[in-house]
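Participant: give the three-dimensional model of this entry:
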Amino acid sequence: MRDGATIAAISTAVSIAGIGIVRMSGSESFFIADRVYRSKGEKKLSEQKSHTIHYGYIMDQEETVDEVLVMLMRGPRSFTGEDTVEINCHGGVYVVRKILEILIENGARPAEPGEFTKRAFLNGRLDLSQAEAVGDLIAAQNQYALQSSISQLKGSIKNEINDIRNIIIYHTAFIETALDDPEHISVDGYGEELRRVVEDMSTRIRRLLESFDNGRLMKEGIRTVILGRPNAGKSSLMNVLLGEDRAIVTDIAGTTRDVLEEHLNLSGISLNIMDTAGIRETKDIVEKIGVDKAKEQAHQADLILYVIDSSKDLDENDREILRLIQGKKAIILLNKSDLNMKVTKEIVKQAYFSVDEDIHENLSVASDMNLLKNEGNYSNLNKDNSNESEENDIELPIIEVSARNLRGIGELEDNLKRMFFAGNLSFNDEICITNIRHKNELSEALESLERVKESIDSGMPEDFYSIDLLDAYEKLGNITGETMGEDLVNEIFSKFCMGK
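Facilitator: Numbers count the residues shown, from 1 in each chain. Down below sits the predicted model:
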């Protein structure tokens, strides 16, 4: 902590609302509250029991500011581990700010961003992964992100990391003891035993790392780009999904010229969805910039929704889009299915795989040329690859939809769940990594464990094992905050909101 001061902040949104909460934490909380609180019985809050609520008024000297309920929590049985006072007042913008101002005038100082949670961490009420889960919980935008944050707040990551660290420190201590007392402790055959233990820990860490992609998508949302020719119905589809007329819809081709991004919650799945300019060759400079932006967004997308006007035949612009979606997670939507459909699922599949064959043929030619320039390794070029087997492996949902009558939207939702979460979004007891910092620390810990295995396989002395084991121990400790430097801790909490 920067100092031993009592801190105060507004913990609810500063807006017109039913109630607002102003919070204090620190050794002087109760005494500062005594200076500004009045009740009919003239009782002192500093003399009251912990975890009680008291009705009264907040006073600015002799002037009544608001009628309030005051909650008292004595440390260490509080969120921060310190004496805490929460003033529940009416939720007007002026009144909550006025009460905060009065508390500061009477001895509190303004809290820094995230300082309440930081004090909870420093006082041992939370580890760093749990503290970060508090921030994720506040920012959660769907049910699954909420469940993941709750799981981490309960200690799912903390428990798994601590268990692995306990195993590491046990074997490190054994090695050090054996080296100090070789007459009584033998390390014969120990390398094989340690290798099995390290492999088991590595498997557990890999499992955590593999959960990151799903965790990121649950937390941040699926980066979704809508592609299609002009007037295919991209903007209409976006309006339908959003439930409001957000994108401009006209019969004029090229109406959308820039990327329009919105957040959408579709059956509990978060989509960061982007409507883009129609893909076509154009001499209009502004429209061309929009088309280039659409292609750029497509390369960065987690998911592409390719909208086809099924009432019109495919053209060269569609072949261009089919090239863009090769190797990407994509769902093809045959829009305007309520009209006379000229484009069917079979036609789209044939077009998709004909483009795929062209791409593979070009790659094969490039590979042949490369081998001619670089003799040797001819076995690496497999000219007998079957496009039929590749076709069976490619996931290409094609759905008939109508932005006019909402047809096919339910099928779209089902495909999203299946493509990104294997159709199963329940957590049960599974641990899901959602934080890029955690992923990086786990990756580095895994590298250290791999070096331990290399040392064992190379027949290196046992003291070499300890170096990399302790490195993995430290990297894992950075996740829970046990081995992290003060500067990085401060940076993490600076991203929190002021009252948390």
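
Participant: could you point out the longest strand of this structure?
Facilitator: What stands out as the longest strand in the chain, according to DSSP state E, is strand 63-73.

Participant: so what are the sheet partners of the next helix or strand after that strand and their directions?
Facilitator: In the C-terminal direction, the helix or strand that comes right after strand 63-73 (DSSP states H and E) is strand 84-90. Here strand 84-90 has these sheet partners by DSSP bridges: strand 19-25 (antiparallel), strand 63-73 (antiparallel).

Participant: name the next helix or strand downstream of strand 84-90, please.
Facilitator: With DSSP H and E, the next secondary element past strand 84-90 is helix 93-105.

Participant: what residues of that following helix count as buried?
Facilitator: Of the residues in helix 93-105, those buried under the neighbour-count criterion (16 or more other C-beta atoms under 10 Å) are 95-96, 98-100, 102-103. Placement of C-beta: from N, CA and C, glycine included.

Participant: now pLDDT too, for those residues, in JSON lines please.
Facilitator: As requested, these are arranged in JSON lines below (pLDDT from 0 to 100):
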{"residue": "V95", "pLDDT": "95"}
{"residue": "V96", "pLDDT": "95"}
{"residue": "K98", "pLDDT": "96"}
{"residue": "I99", "pLDDT": "97"}
{"residue": "L100", "pLDDT": "97"}
{"residue": "I102", "pLDDT": "97"}
{"residue": "L103", "pLDDT": "97"}
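
Participant: what is the nearest of these to K349?
Facilitator: Comparing these against K349 with C-beta to C-beta picks out V96 as the nearest, at 59.6 Å.

Participant: from E454, how far off is the residue nearest to the closest one when sequence neighbours are not counted?
Facilitator: Closest residue in space to V96, ignoring its immediate chain neighbours: G20 at 3.9 Å, by C-beta to C-beta, 6 or more residues apart in numbering. When distances are taken as C-beta to C-beta, to the nearest Å, G20 and E454 turn out to be 58 Å apart.

Participant: what about these two, which has more around it?
Facilitator: Neighbours per residue, other C-beta atoms under 10 Å: of G20 and E454, the larger number sits with G20, 26 against 12.

Participant: close enough to count as contact, the more buried one and V95?
Facilitator: Yes: counting by C-beta atoms under 8 Å, a contact exists between G20 and V95, whose distance comes to 6.9 Å.

Participant: which neighbours do these two share?
Facilitator: Overlap of the contact sets of G20 and V95 (by C-beta atoms under 8 Å, 6 or more residues apart in numbering) consists of C89.

Participant: contact partners of the longest strand of the chain?
Facilitator: If you take C-beta under 8 Å, 6+ apart as the criterion, strand 63-73 is touched by 30, 33, 37-38, 45, 48-59, 79, 83-90, 95, 98-99, 102.

Participant: sketch out the low-pLDDT regions of the stretch 201-350 of the chain for me.
Facilitator: Applying pLDDT under 70 to the stretch 201-350 of the chain flags the ranges 244-259, 267-268.

Participant: circling back to that earlier point, list the buried residues of the longest strand of the chain.
Facilitator: With burial defined by 16+ other C-beta under 10 Å, the residues of strand 63-73 counted as buried are 65-66, 68, 70, 72-73.

Participant: same thing with stretch 276-283?
Facilitator: When burial is assessed from 16+ other C-beta under 10 Å, stretch 276-283 yields the following buried residues: 276-280, 282.

Participant: one more: stretch 50-66?
Facilitator: Using 16+ other C-beta under 10 Å as the burial criterion, the residues of stretch 50-66 that qualify are 54, 56-58, 65-66.

Participant: hey, C-alpha coordinates of it in CSV?
Facilitator: Output in CSV follows, covering the C-alpha atoms of stretch 50-66 (Å, rounded to 0.1, in the frame of the first residue of the first chain):
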residue,chain,number,x,y,z
SER,A,50,-19.3,-5.6,12.9
HIS,A,51,-21.6,-6.6,10.0
THR,A,52,-24.5,-4.4,11.2
ILE,A,53,-26.5,-1.8,9.3
HIS,A,54,-27.5,1.6,10.8
TYR,A,55,-30.2,4.1,9.7
GLY,A,56,-29.4,7.8,9.9
TYR,A,57,-28.2,10.9,8.1
ILE,A,58,-25.0,12.2,6.5
MET,A,59,-24.2,15.7,7.7
ASP,A,60,-22.1,18.5,6.4
GLN,A,61,-21.5,20.2,9.7
GLU,A,62,-25.1,21.2,10.6
GLU,A,63,-26.6,20.6,7.2
THR,A,64,-28.3,17.3,6.3
VAL,A,65,-27.0,15.9,3.0
ASP,A,66,-28.9,12.7,2.7
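
Participant: which residues touch the nearest residue to L217 once chain neighbours are set aside?
Facilitator: Taking C-beta to C-beta, 6+ apart, and ignoring the residues beside it in sequence, L217 has F420 as its nearest neighbour in space, at 5.8 Å. For F420, the contacting residues are 214, 217, 222, 269, 302-303, 329, by C-beta under 8 Å, 6+ apart.

Participant: got those residues as JSON lines, with distance to I409 and neighbour count columns?
Facilitator: Putting these into JSON lines (distance: C-beta to C-beta, whole Å; neighbours: other C-beta atoms under 10 Å) gives the following:
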{"residue": "N214", "distance to I409": "23", "neighbour count": "19"}
{"residue": "L217", "distance to I409": "20", "neighbour count": "21"}
{"residue": "I222", "distance to I409": "16", "neighbour count": "21"}
{"residue": "I269", "distance to I409": "13", "neighbour count": "21"}
{"residue": "D302", "distance to I409": "19", "neighbour count": "19"}
{"residue": "L303", "distance to I409": "15", "neighbour count": "21"}
{"residue": "K329", "distance to I409": "19", "neighbour count": "17"}
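
Participant: who's in contact with the residue nearest the centre of the chain?
Facilitator: Nearest to the centroid of the C-alpha atoms of the chain, with distances taken as C-alpha atoms, centre = their mean, sits K219, at 3.2 Å. Contacts here follow C-beta under 8 Å, 6+ apart; on that basis K219 touches 136, 140, 145, 148, 434.

Participant: try 10 Å this time
Facilitator: Contact partners of K219, counting by C-beta atoms under 10 Å, 6 or more residues apart in numbering, are 136, 139-142, 144-145, 148-149, 270, 432-436.

Participant: which ones among the residues you listed are found in helices?
Facilitator: Using DSSP state H to define helices, the subset of the contacts of K219 located there is 136, 139, 144-145, 148-149, 436.

Participant: which two of those have the greatest separation?
Facilitator: Y144 and I436 (18.0 Å).

Participant: look at those two and report which has more neighbours.
Facilitator: Comparing Y144 with I436 by other C-beta under 10 Å, the one with more neighbours is Y144, at 22 against 13.

Participant: please tell me how far that one sits from I269.
Facilitator: The value you get for Y144 to I269, if C-beta to C-beta is used, is 8 Å.

Participant: distance of V197 relative to G233?
Facilitator: Counting by C-beta to C-beta, the gap from V197 to G233 is 58 Å.

Participant: pick out whichever of these two has more residues nearby.
Facilitator: G233 (25 against 15).

Participant: many thanks, I have nothing further to ask.
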